[in-house]
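Visitor: Sequence first, then the predicted structure, then my questions.
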Amino acid sequence: MICLVYDASNPRSFEYCARIYLRYFSTTQVPVLVVANKSDRGVVRQDYILQPEAFCAKHKLPPPQKASSRAPLTKDIFIKLATMAAFPHLKQLGLGGEESGMLKISLGVAILALGGIFAFRYFTNR
């Protein structure tokens, strides 16, 4: 699991994250989360071919998460990092991203239901 952090108030900082991703992680199945730090200072346009949102969309990454040391601490980034670390195969299945929450829940319920059916058959045939 990789977390790439850039300074949202510095127009040259995202380029470094993008280059690292393209060089080391674009051809792997390693989950990557992009975090925009200092987002409370005002987000500036990045001096890169693509803006962070477009870059993440193009490479099928979750949208950049906003973070700030001045804003109240939210658990969103930590929950996403923990989920990506616990289930790295979800990127491989195409289930990464924000809009796929219901799909993940549905897949989990389906797996539990199948496990329940097999367990029921196993114990009733004994």
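Guide: Thanks, I have it.
Visitor: element containing the closest residue to Gly42 other than its chain neighbours, please.
Guide: What sits nearest to Gly42 in space, not counting adjacent residues and going by C-beta to C-beta, 6 or more residues apart in numbering, is Ser9, at 6.2 Å. Backbone N, C-alpha and C define where each C-beta goes, glycine included. Assigned by DSSP states H and E, Ser9 belongs to neither a helix nor a strand.
Visitor: residues of the top helix by length along the chain that come out buried?
Guide: Counting by DSSP state H, the longest helix found in the chain is helix 101-124. Buried residues in helix 101-124, counted by 16 or more other C-beta atoms under 10 Å: none are found.
Visitor: C-alpha coordinates for that helix, PDB please?
Guide: Listed next in PDB are the C-alpha coordinates belonging to helix 101-124 (Å, rounded to 0.1, in the frame of the first residue of the first chain):
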ATOM      1  CA  GLY A 101     -18.700   1.200  -1.800                       C
ATOM      2  CA  MET A 102     -22.000  -0.600  -2.500                       C
ATOM      3  CA  LEU A 103     -20.300  -3.000  -4.800                       C
ATOM      4  CA  LYS A 104     -17.800  -4.000  -2.100                       C
ATOM      5  CA  ILE A 105     -20.600  -4.500   0.400                       C
ATOM      6  CA  SER A 106     -22.600  -6.500  -2.100                       C
ATOM      7  CA  LEU A 107     -19.600  -8.700  -2.900                       C
ATOM      8  CA  GLY A 108     -19.000  -9.300   0.800                       C
ATOM      9  CA  VAL A 109     -22.600 -10.200   1.500                       C
ATOM     10  CA  ALA A 110     -22.600 -12.600  -1.500                       C
ATOM     11  CA  ILE A 111     -19.500 -14.400  -0.300                       C
ATOM     12  CA  LEU A 112     -20.900 -14.700   3.300                       C
ATOM     13  CA  ALA A 113     -24.200 -16.100   1.900                       C
ATOM     14  CA  LEU A 114     -22.400 -18.700  -0.200                       C
ATOM     15  CA  GLY A 115     -20.300 -19.700   2.800                       C
ATOM     16  CA  GLY A 116     -23.400 -20.000   4.800                       C
ATOM     17  CA  ILE A 117     -25.100 -22.300   2.200                       C
ATOM     18  CA  PHE A 118     -22.000 -24.500   2.000                       C
ATOM     19  CA  ALA A 119     -21.800 -24.700   5.800                       C
ATOM     20  CA  PHE A 120     -25.500 -25.600   6.100                       C
ATOM     21  CA  ARG A 121     -25.200 -28.400   3.500                       C
ATOM     22  CA  TYR A 122     -22.100 -29.700   5.200                       C
ATOM     23  CA  PHE A 123     -23.600 -29.900   8.700                       C
ATOM     24  CA  THR A 124     -27.000 -31.300   7.500                       C
END
